[in-house]
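1. Show me how the following folds:
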Amino acid sequence: MIEIKGVSPSSLLVHFGARIEAELSPAPIFEDLTNCLTSDVPSDIQEQVGSFYRSVFSGVNRAGHGTLAAVISARRRTVPERFRDGIILAPRVSVAERVQSVLAKNDCSSNTQLQACAALITGMLLSDGVTIFGSDGTVRAYNVFIKHPKGRANVSGGARMRTFDAMADLLGEELVGAFIQSQDGQVQFRGNKR
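-> Next up is the predicted model:
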């Protein structure tokens, strides 16, 4: 999909491929997600870390696999209990540290490490389950499966959508953001209002 923008607020979307595409561009949704997961990144590198994540999510969108992501507050030292049925990363993957290294050293090695980090995070997002991020731009866990609440009134969609709905119910309690991209290209983000 290509989005063509001019000076007016409208845009033209051109779709290439067999997937059913949304009528609206996913770019504003990726921007909301990126803003949520970089909200606690130091301001001097916040834009660079945001650019990194916009690129990662754009690549994940093109892959068309479908993905789930959740954002927890940077102040949380550990992943919440109900999000521990997966691979907890210790140490966390810190994109901000890698971006700082590239900016400070401006060498091939630092740049290669940042590119490898992008490939690693893309692989995590394309695996089954939920990828857990911190609002400081860190990756905390991936391949996480959560239990769905029993007796939920709105039981529609597939397992990915039901998981997204369950995560959205935890906003303000354990999460600050929840994201879904279904295999058909539909994307949604829900986050706390700051």
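2. Going by C-alpha atoms from here, please, whenever you check contacts or count neighbours.
-> Fine.
3. which residue ranges form the helices in this protein?
-> 27-37, 46-63, 95-105, 108-125, 159-168 (DSSP state H).
4. Mean confidence (pLDDT) on the last one, please.
-> Averaging pLDDT along helix 159-168 yields 90.
5. Tell me which residues are up against it.
-> 67-68, 70, 146, 148-149, 155-156, 175, 177-180, 182, 190-191 (Cα atoms under 8 Å, 6 or more residues apart in numbering).
6. Now for those: which two are most distant?
-> 156 and 175 (22.1 Å; Cα to Cα).
7. Which one's more surrounded, those two?
-> A count of neighbours by other Cα atoms under 10 Å puts residue 175 above the other of residue 156 and residue 175, at 22 against 9.
8. Excluding chain neighbours, give the residue nearest to that one in space.
-> Distance criterion Cα to Cα, 6 or more residues apart in numbering; nearest residue to residue 175, sequence neighbours excluded, is residue 72 at 4.7 Å.
9. same question, residue 144
-> Closest to residue 144 by Cα to Cα, 6+ apart is residue 86, at 3.9 Å.
10. and the closest residue to residue 113 other than its chain neighbours, how many residues sit next to it?
-> Leaving aside its sequence neighbours, residue 113 sits nearest to residue 98 (Cα to Cα, 6+ apart; 7.2 Å). As a burial measure, residue 98 scores 19 neighbours (other Cα under 10 Å).
11. What separation do you get for residue 98 and residue 43?
-> 15 Å (Cα to Cα, to the nearest Å).
12. And for residue 73?
-> Where residue 43 is concerned, residue 73 sits at a distance of 17 Å (Cα to Cα).
13. do residue 76 as well
-> Look at residue 76 and residue 43: by Cα to Cα, they are 20 Å apart.
14. Return the distance of the residue nearest to residue 113 relative to residue 48.
-> Note on residue 98: its distance to residue 48, by Cα to Cα, is 11 Å.
15. contacting residues for residue 140?
-> Residue 140 touches 79, 88-90, 92-93, 131-134, counting by Cα under 8 Å, 6+ apart.
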